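Requesting a structural model of the entry that follows:
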Amino acid sequence: MILVFGGTTEGRAAISELEEAGQHYYYSTKTGEQDVTLHNGQLLSGAMTQEAMREFCTANAIRLIVDAAHPFAAHLHQTVVTVAAELGLPVIRYERQYPERAEDIRWIDDYAELAALSESSESSENSENSETSERSESSEPSETSENSEPSKLLLATTGVQSIGRLKPLEAQGLRIVYRILPRESSIRLAHQQGADDSQLCFYQEGEDEEEVMRRLKPAFILLKESGRSGGFTEKVEAARRLGIRIIALKRPSIISPSSSTLHHPSVTFHQVDGPFGLRRMIERLLPDFYPLHSGLTTGTCATAAAIAAARQALLGEQPPTVGVVLPNGETIPVEVHYAEGYAYVIKDSGDDPDVTKGIEIRAVVERKGGAGTPIEIVAGQGIGTITLPGFDYPPGEPAINRVPRQMLRQNLQPFGRPLRITLSVPEGEEIARRTFNPRLGITGGISIIGVSGIIKPFSEESFIQSIHKCLEVARATGTGHVVINSGAKSERYVKQHVTGLPPQCFVEYGNYIGETIRMAAELGIGHVTLGVMIGKAVKLAAGHLDTHSRRTVMDRAFIGQMLDECGADEGTKKRAEGITLARELWDFAPEAFFQVVKHHCYEHCRPLLPDGQLTLFLIDEQGGIH
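Residues are numbered from 1 along each chain as shown. Modelled structure (predicted):
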């Protein structure tokens, strides 16, 4: 059993990962006011004392604690450490991702360092007051500080708990506006600490940070180093644009700088900074929690091998694991190995039925002289070559997709010198014969691919069950409308055209288009909007309600038939015969063709929703709706 401490963005991400396991767990927040939906988890509210946490963990057979609480929840962090040490439990700290500390920000360790803020304001008033006045004249009057001097106004975004510690500054002549959540409990606590309503500025969903600051006209803004998910970067950038001086309270040190171990010898403590790392750490610590284990893409393996090869060649180091920064910004550890002149990774595909599982992906890194691209990526033995158009790169280029190339450059850039990376897969050419590469015109080996960097396997049954649960949640919103999409990209595009729905109404179908519509009909959902991109659309138009590549591939003959239906000329039909990927059709097929595709898709899907309304969006590569 797992106990998660959350109440944060990281807490939401943690339960999203845990839900995929279908196992029971507990999710604890201090106030119980965070809006979350749990299918398999049980929500707990209220702060836990050390004794209460110990008793709960013992009574409920807790085997792992996930600390995804706010970085400034120091008392909770220490309680977790103490209880984990007493009970011998492992702890995963789900930490935030933090930008580097900028020099134009005044960094402080404690609120006590703000005592001189009023004096600082006085001393700088003459040099800055003219600029502030210009800002004031060109902006609307402040709603909360109408008669105050802008040079004396501090906007505090450090949370309602900090009001009592900041109140003494008001006695020094500094006016403070406290930005807090619009919760009854927060307002009550603010009043208890002496703040009046004129000093409160509430967070509103979707509100522009710069507009808030422009309205209030503060001379200073006080932030907590809350990480990217805490909106720190957005607030800092807005303050910079308006010339507002920035003060930031450093986050407390939870982990020692030299290791990933808490300051307690009896605690086994592991740090992650994203959902993929959390899942893989849970798989390692509690192998029976997830029925199917995740794996790594060839792009992640190649990047890890390149990092290891660079450390071996440039620094003389051979660490057993290296940290790989994934496209979502999180860093995960990957096991690496070394040989004479190169490093390699044995591909971990988890429980995904992948022909590349267990292959060796090698990297050689050399210093590169002369001008040109600082990091050059070269394909060696077993890496395929593109021979047809339609991919991220033109024919003749190595079959290394755009995202893996970006990962390689991002992860190797910190070495600070021009490098040549040569990737190779000794078994690549043989393994490629068992993939779609020959059919796609990729010759000589496998492709280095991956969008997220992680492979998350699902059995067909469990994936369809998860879709059903999502549809149930969508129905519970009471809107009667669900928008189904193949993934995050199509969802992002469709959200620009379907507004006003809660996020629970957007459901991913993966490849199970037909099954998702059938389940929506069974649940009595009256309106289904289907967002589909052209690759799946041409399969669906041919009657394939499950578009997975293991079951169906693009049918060029049927595409030709649809071109006939729309009256396309012979040149267009001839060009369509040579396409590698369906998205190439956007480059030359007439608009009438896409209407034919939509018609066929609609005809196959409409009978699955006999008593409801079906809307079909065909999405192009730029997010346009057809």
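
from here on, contacts and neighbour counts on C-alpha atoms
Fine.

what helix or strand is the residue minimising distance to the centre of the chain on?
For the chain, the residue nearest the mean C-alpha position is residue 328 (4.8 Å; C-alpha atoms, centre = their mean). Assignment of secondary structure by DSSP states H and E places residue 328 within no helix or strand.

residues contacting it?
residue 452 (C-alpha atoms under 8 Å, 6 or more residues apart in numbering).

Repeat that for the one 4 residues further on.
When contacts are counted by C-alpha under 8 Å, 6+ apart, residue 332 is found next to 272, 276, 277, 323, 324, 325, 326.

So which of the residues you listed is the closest to residue 471?
residue 276 (24.1 Å; C-alpha to C-alpha).

can I assume the closest one sits in a strand?
No. Under DSSP: H, G, I helix; E, B strand; the rest coil, residue 276 sits outside any strand and is assigned helix.

For the residue nearest to it when sequence neighbours are not counted, name its beta-bridge partners.
Spatially, and ignoring its direct neighbours in sequence, residue 276 is nearest to residue 454 (7.1 Å; C-alpha to C-alpha, 6 or more residues apart in numbering). Here residue 454 shows beta-bridge partners residue 296, assigned using DSSP bridges.

What is the neighbour count of residue 454?
Per other C-alpha atoms under 10 Å, the neighbour tally for residue 454 reads 23.

where does the stretch 251-400 of the chain have low pLDDT?
Low-confidence segments of the stretch 251-400 of the chain (pLDDT under 70): 254-267, 370-373, 390.

hey, where'd the helices end up in it?
275-285, 298-315 (DSSP state H, counting those that start in this stretch).

how far does the longest one sit from the chain's center?
Which is helix 298-315. 24 Å (C-alpha atoms, centre = their mean, to the nearest Å).

For the protein, which element, helix or strand, carries the lowest mean pLDDT?
helix 117-138 (a mean of 45; mean pLDDT, DSSP states H and E).

what's the next secondary structure element after that helix?
Under the assignment DSSP H and E, the closest C-terminal helix or strand after helix 117-138 is strand 153-156.

contacting residues around the next helix or strand after that following strand?
Sequence order places helix 163-170 as the next helix or strand after strand 153-156, per DSSP H and E. Identification of contacts with helix 163-170 by C-alpha under 8 Å, 6+ apart yields 111, 114, 115, 118, 175, 176, 178, 190, 193, 194, 195.

sec struct for the third one, please.
This points to residue 115. What three-state DSSP gives for residue 115 is helix.

contacting residues for it?
Contact analysis of residue 115 by C-alpha under 8 Å, 6+ apart lists residue 169.

try it again with 10 Å
166, 168, 169, 172 (C-alpha atoms under 10 Å, 6 or more residues apart in numbering).

The second one and residue 240: what is the separation?
Applying C-alpha to C-alpha, to the nearest Å, the value for residue 168 to residue 240 is 27 Å.

Likewise for the first one?
From residue 166 across to residue 240, the span is 23 Å (C-alpha to C-alpha).

Which one's more surrounded, those two?
Taking neighbours as other C-alpha under 10 Å, residue 166 and residue 240 compare with residue 166 leading, 18 against 14.

Test for you: state the pLDDT assigned to that one.
With respect to pLDDT, residue 166 scores 90.

What separation is there between it and residue 197?
In terms of C-alpha to C-alpha, residue 166 sits 16 Å off from residue 197.

Equivalent analysis for residue 603, please.
59 Å.

ok, now residue 403?
For residue 403 relative to residue 197 (C-alpha to C-alpha), the value is 49 Å.

pLDDT of the strand or helix carrying residue 58, averaged?
According to DSSP H and E, residue 58 maps onto helix 50-59. Helix 50-59 carries an average pLDDT of 93.

mind listing the strands for the stretch 401-550 of the chain?
419-424, 442-443, 454-455, 481-485, 506-508, 527-533 (DSSP state E, counting those that start in this stretch).

Report all helices and strands that whatever helix or strand comes next after the helix holding residue 58 contacts.
With elements assigned by DSSP H and E, the helix or strand that comes after helix 50-59 is strand 64-67. Where contact means 3 or more C-alpha pairs under 10 Å, 6 or more residues apart in numbering; DSSP states H and E, strand 64-67 is packed against strand 2-5, helix 9-19, strand 25-29, helix 74-87, strand 91-94, strand 269-272, helix 275-285.

Partner strands of strand 64-67, with direction?
Counting by DSSP bridges, strand 64-67 is paired with strand 2-5 (parallel), strand 91-94 (parallel).

what's the neighbour count on residue 363?
By other C-alpha under 10 Å, neighbour count at residue 363 equals 29.

show me what contacts it?
With C-alpha under 10 Å, 6+ apart, residue 363 has these contacts: 301-310, 338, 341-345, 378-380, 421-425.

with the contacts of helix 163-170 in mind, which one is nearest to residue 490?
residue 178 (38.8 Å).

Can you name the helix or strand that that closest one falls in?
Counting by DSSP H and E, residue 178 is part of strand 175-180.

Could you name the helices and strands sitting against that strand?
Applying 3+ C-alpha pairs under 10 Å, 6+ apart, one finds that strand 175-180 contacts strand 153-156, helix 163-170, helix 184-192, strand 200-202, strand 220-224.

for the second one, which positions count as buried?
If I follow you right, that is helix 163-170. 163, 166, 167, 169 (16 or more other C-alpha atoms under 10 Å).

Dump those residues to TSV, plus distance to residue 99.
Shown next, in TSV, are those (distance: C-alpha to C-alpha, whole Å):
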residue	distance to residue 99
163	26
166	26
167	29
169	29
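
right, and out of those, which lies closest to residue 598?
For the buried residues of helix 163-170, the nearest to residue 598 is residue 163 (57.4 Å; C-alpha to C-alpha).

Quick check: pLDDT value at that closest one.
Value for residue 163, per-residue pLDDT: 91.

tally of neighbours for residue 595?
Counted with other C-alpha under 10 Å, residues neighbouring residue 595 total 15.

ok, then the element right after the helix or strand where it lies?
In this structure, residue 595 sits in helix 591-605 according to DSSP H and E. Scanning forward in sequence from helix 591-605 by DSSP H and E, the next helix or strand is strand 613-619.

For that following strand, list the C-alpha coordinates in CSV.
Written as CSV, here are the backbone C-alpha positions of strand 613-619 (Å, rounded to 0.1, in the frame of the first residue of the first chain):
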residue,chain,number,x,y,z
GLN,A,613,-25.0,13.5,-31.7
LEU,A,614,-21.7,12.8,-33.3
THR,A,615,-19.4,15.7,-34.4
LEU,A,616,-16.2,14.8,-36.3
PHE,A,617,-13.2,17.1,-36.5
LEU,A,618,-10.4,16.2,-38.9
ILE,A,619,-7.3,18.0,-37.6
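
buried ones in it?
Using 16+ other C-alpha under 10 Å as the test for burial, strand 613-619 gives 614, 616, 617, 618, 619.

right, and out of these, which lies closest to residue 430?
Compare each of the buried residues of strand 613-619 with residue 430 using C-alpha to C-alpha and the shortest gap goes to residue 619, at 36.5 Å.

pLDDT wise, what is the closest one at?
91.

likewise residue 213?
Per-residue pLDDT puts residue 213 at 92.

picking that back up, reformat the contacts of residue 115 as JSON lines; add distance to residue 558.
Below are the contacts of residue 115 laid out as JSON lines (distance: C-alpha to C-alpha, whole Å):
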{"residue": "166", "distance to residue 558": "70"}
{"residue": "168", "distance to residue 558": "75"}
{"residue": "169", "distance to residue 558": "74"}
{"residue": "172", "distance to residue 558": "78"}
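
Please identify which of those is nearest to residue 585.
Ranked by distance to residue 585 (C-alpha to C-alpha), the contacts of residue 115 are led by residue 166 at 61.4 Å.

Look up how far residue 88 lies from the closest one.
For residue 166, the distance to residue 88 - C-alpha to C-alpha - is 39 Å.

Also residue 270?
14 Å.

How about residue 415?
Applying C-alpha to C-alpha, the value for residue 415 to residue 88 is 39 Å.

Ok, residue 364 next?
Distance of residue 364 to residue 88, computed by C-alpha to C-alpha: 42 Å.
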